[in-house]
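*Asks:* after the sequence you'll find the predicted model.
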Amino acid sequence: MFIKTALDEIQNYLTDSSNLKGFAERVFIPENTQELVELIKECYRDNIPYTISGGGTGLVGGRVPFGGVLISTEKLNKIIDFNDQHQTIFVEAGVVRKDLDDYLESRGFFLPPNPTETNSFVGGNVACNSSGARTFKYGTIRDYVLELEVVLPTGQILTLERDNFSLATNSHFSLSLQDGSKIEFEIPTLPWINTSKNTAGYYLHKGMHLLDLFIGSEGTLGTITKIKFKVLPKPERVLGFIIFFEDLERSLDFITETRILSKQFNELQFEDDKISPRLIEFIDRNSLALIFDSYPEIPSVAACAIWIEQEYSKSIEDELLILWLDHIKKFTNLSESTWVAINESEHRKFAQFRHLIPLRVFEIVSKSNYQKIGSDVAVNDWVFKNYYLQLLSKLGQSGLQYFIWGHFGNSHIHLNIIPRNHTEDSLAREIFDWHVQTAIQLGGTYSAEHGTGKLKRKYLELMYGKDIVDKMKNIKLAFDPKNLIGRGTMFF
Ligand SMILES: Cc1cc2nc3c(=O)[nH]c(=O)nc-3n(C[C@H](O)[C@H](O)[C@H](O)COP(=O)(O)OP(=O)(O)OC[C@H]3O[C@@H](n4cnc5c(N)ncnc54)[C@H](O)[C@@H]3O)c2cc1C
């Protein structure tokens, strides 16, 4: 086990991509599960709070410790088993997402939900129920987790397999542990959240599997040490477009129409000879301006861009291209400027193009004295356009520096405001509150994929009400009676 105490050695662990700063006495880096279990037992015995760290790419301060010690999973990074027949991969939680993707790719497979940040760890992906662009077609990481090994705050190890009986009967959950003790809690009935993605608070449903409670629990219930994922064979071909629009409203109509066309065909299965994309990503004018120096070919009149990908088989390539180009022409006068990607290197360029935007924003944030105010809001598809236009009108009047991109296929917005002074900071917070509160009133969520962490705690109660948040806290205490793990994440 490595132990770091010097401030210059540990300070990188005391923050994450949100730029929130925390503090911890020391950082422990166990080299195997046994060391981790011993450490957690010591923390339990000596009442030492601890925070679990993955790659530190989280955007809500979840891995940022507020006291106690930090436990990094970076050395738990082995790929244990890959089974191409069963289409499964069994890994330790500290495997870097990029390494997993490269490993699978070289064997002709992939794990569909892909957070844009490939420096994240797979344990972090599961702890946050991460998703990303391909969620439009494939859902979230939850849908691909078959098995978890979790170390509880008492040091006991749980192995949870999806095909093993581990369901809550009605709304009561009871779990007998090896030492004879029991974990019991009530499952509250949550309000219906009318979105395709939601990671606010715990996942709670009658009859749910215990595995699902840990997915998205943001390191507040236990430490995920091993994961078995279901993986899929890589599609034969992928067609990509970056489409520029001079008219924002028409771009939103394009998204609505594309969704409708996709859903006509995709109730159960996407059909690759129809308009049926796996991702629909939006980039606003301000974000395009941020990367214009690297991509001068972006049309100067573009109000926004939309990135599309669709899987298909080679035999229908020409037909599919024509179908898409006809569809695109109906919504933009800049259709001639559409970029097309067919081969791997072209796709990589599109992904780099998209990834450069948050990186540039991060550069501005790291030089700023103010915290970035970043949203992760999703609403229902049918209210999305009006809601988004109202948000833009507020932002337009404010004069704030902001950048918007998002998984608009899922009606999911990332608004990023970077205040330049105190007045802007207050105004940004006001607009942000409106953005979140309105989404919640519309049956949406303040967190579609990043989670609650330490930065969005006040919205948890706004979304679910005090009674349900208290019940969520009780569930945490059922697993973590001394409130040691991830203290300050999700709950005040
Ligand atoms: C540029 C950029 C783009 C991003 N794009 C996306 C995106 O498209 N989709 C998306 O969903 N997210 C995105 N994110 C957010 C982030 O990358 C994901 O949430 C990611 O899954 C976090 O993983 P991590 O390993 O970095 O976790 P960390 O930041 O280290 O931790 C996040 C939380 O998980 C907990 N945790 C970590 N590992 C474990 C474990 N083994 N056991 C228990 N708890 C654990 C931590 O305690 C913390 O609460 C993006 C971030 C950046 C910076």
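*Replies:* All right, it came through fine.

*Asks:* and residue 263, what helix or strand is that in?
*Replies:* Secondary structure assigned from DSSP states H and E places residue 263 in helix 248-266.

*Asks:* contact partners of the following helix or strand past that helix?
*Replies:* Downstream of helix 248-266, the next assigned helix or strand under DSSP H and E is strand 279-284. Identification of contacts with strand 279-284 by CB atoms under 8 Å, 6 or more residues apart in numbering yields 133-137, 251, 255, 258-259, 303-309, 354, 357, 403-409. C-betas here are computed from N, CA, C, even on glycine.

*Asks:* for the following helix or strand past strand 279-284, name the packing helices and strands.
*Replies:* Toward the C-terminus, strand 279-284 is succeeded by helix 285-290 as the next helix or strand (DSSP H and E). Packed against helix 285-290 by the contact rule (3 or more CB pairs under 8 Å, 6 or more residues apart in numbering; DSSP states H and E) you find strand 304-312, helix 344-367, strand 402-407.

*Asks:* possible to save those as a markdown table with distance to residue 290 and mean neighbour count?
*Replies:* Below are the helices and strands packed on helix 285-290 laid out as a markdown table (distance: least, CB to CB, whole Å; neighbours: other CB atoms under 10 Å):
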| stretch | distance to residue 290 | mean neighbour count |
| --- | --- | --- |
| strand 304-312 | 12 | 23 |
| helix 344-367 | 5 | 15 |
| strand 402-407 | 7 | 24 |
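
*Asks:* can I get these in JSON lines including distance to residue 414 and mean pLDDT?
*Replies:* Listed next are the helices and strands packed on helix 285-290 as JSON lines, based on distance: least, CB to CB, whole Å; pLDDT from 0 to 100:
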{"stretch": "strand 304-312", "distance to residue 414": "14", "mean pLDDT": "96"}
{"stretch": "helix 344-367", "distance to residue 414": "8", "mean pLDDT": "92"}
{"stretch": "strand 402-407", "distance to residue 414": "5", "mean pLDDT": "97"}
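
*Asks:* could you say which helix or strand contains the residue of the chain most remote from its centre?
*Replies:* Centroid-distance maximum for the chain: residue 180 at 36.3 Å, with CA atoms, centre = their mean. Assessed by DSSP H and E, residue 180 sits outside every helix and strand.

*Asks:* list the residues that contact the closest residue to the ligand within the stretch 101-250 of the chain.
*Replies:* Distance from the ligand to each residue of the stretch 101-250 of the chain (CB to the nearest ligand atom) is smallest for residue 124, at 2.0 Å. Contacts here follow CB under 8 Å, 6+ apart; on that basis residue 124 touches 54-55, 57-58, 63, 130.

*Asks:* thinking again about what came up before, from residue 109, how far off is the residue farthest from the centre of the chain?
*Replies:* Between residue 180 and residue 109 the distance, using CB to CB, to the nearest Å, works out to 41 Å.

*Asks:* pLDDT weak spots in the stretch 251-400 of the chain?
*Replies:* Residue ranges of the stretch 251-400 of the chain with pLDDT under 70: 264-272.

*Asks:* check contacts around the closest residue to the ligand within it.
*Replies:* Using CB to the nearest ligand atom, the single residue of the stretch 251-400 of the chain nearest to the ligand is residue 358, 3.6 Å away. For residue 358, the contacting residues are 116-117, 405, by CB under 8 Å, 6+ apart.

*Asks:* rerun at 10 Å
*Replies:* 17, 59, 116-117, 287, 290, 365, 374, 403, 405, 414, 416 (CB atoms under 10 Å, 6 or more residues apart in numbering).

*Asks:* check residue 120 too.
*Replies:* Residue 120 makes contacts with 17, 54-58, 96-98, 114, 127-128, 130, as judged by CB under 10 Å, 6+ apart.

*Asks:* and stretch 333-340, which residues are buried?
*Replies:* For stretch 333-340, the neighbour count (16 or more other CB atoms under 10 Å) marks 334-335, 337-339 as buried.

*Asks:* got a markdown table for those, with secondary structure and distance to residue 196 too?
*Replies:* Compiled in a markdown table, the buried residues of stretch 333-340 are given as follows (DSSP: H, G, I helix; E, B strand; the rest coil; distance: CB to CB, whole Å):
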| residue | secondary structure | distance to residue 196 |
| --- | --- | --- |
| 334 | coil | 29 |
| 335 | helix | 28 |
| 337 | helix | 30 |
| 338 | coil | 26 |
| 339 | strand | 27 |
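
*Asks:* so which of those are also by the ligand?
*Replies:* Residues of the buried residues of stretch 333-340 in contact with the ligand (CB under 6 Å from any ligand atom): none.

*Asks:* closest to residue 392 among those?
*Replies:* Of all these, residue 334 has the smallest distance to residue 392: 19.6 Å, by CB to CB.

*Asks:* now do the SS call for the residue lying closest to the closest one once chain neighbours are set aside.
*Replies:* Among residues not flanking residue 334 along the chain, residue 244 sits closest, at 4.4 Å (CB to CB, 6 or more residues apart in numbering). At residue 244 the chain is in strand, as set by DSSP: H, G, I helix; E, B strand; the rest coil.

*Asks:* beta-bridge partners for residue 244, please?
*Replies:* Beta bridges link residue 244 to residue 305 when assigned by DSSP bridges.

*Asks:* tell me, how many residues neighbour it?
*Replies:* 25 (other CB atoms under 10 Å).

*Asks:* my guess is it meets residue 305, correct?
*Replies:* Yes. Under the criterion of CB atoms under 10 Å, residue 244 makes contact with residue 305 at 5.2 Å.

*Asks:* what residues are shared contacts of the two?
*Replies:* Shared contacts of residue 244 and residue 305, defined by CB under 10 Å, 6+ apart, are found at 251, 283, 288, 298-299, 334, 337-339.

*Asks:* flag every residue of the stretch 51-200 of the chain that's near the ligand.
*Replies:* By CB under 6 Å from any ligand atom, the residues of the stretch 51-200 of the chain that approach the ligand are 51-59, 62-63, 73, 93, 115-117, 120-121, 123-125, 127-128, 130-132.

*Asks:* return the subset of those residues lying in strands.
*Replies:* Members of those lying in strands (criterion: DSSP state E): 51-53.

*Asks:* domains for this protein, by residue range?
*Replies:* Following automatic domain parsing, one finds the domains of the chain at 2-72, 79-233, 234-336.

*Asks:* gap between the two ends of the shortest one?
*Replies:* Read that as domain 2-72. End-to-end distance for domain 2-72, by CA to CA, to the nearest Å: 10 Å.

*Asks:* from the chain's centre, how far out does it sit?
*Replies:* The gap between the average C-alpha position of domain 2-72 and the chain average comes to 21 Å, counting by CA atoms, centre = their mean, to the nearest Å.

*Asks:* and what of stretch 275-285?
*Replies:* The answer for stretch 275-285 is 17 Å, by CA atoms, centre = their mean.

*Asks:* is that stretch up against the ligand anywhere?
*Replies:* No. Stretch 275-285 is not in contact with the ligand by CB under 6 Å from any ligand atom; minimum separation 9.3 Å.
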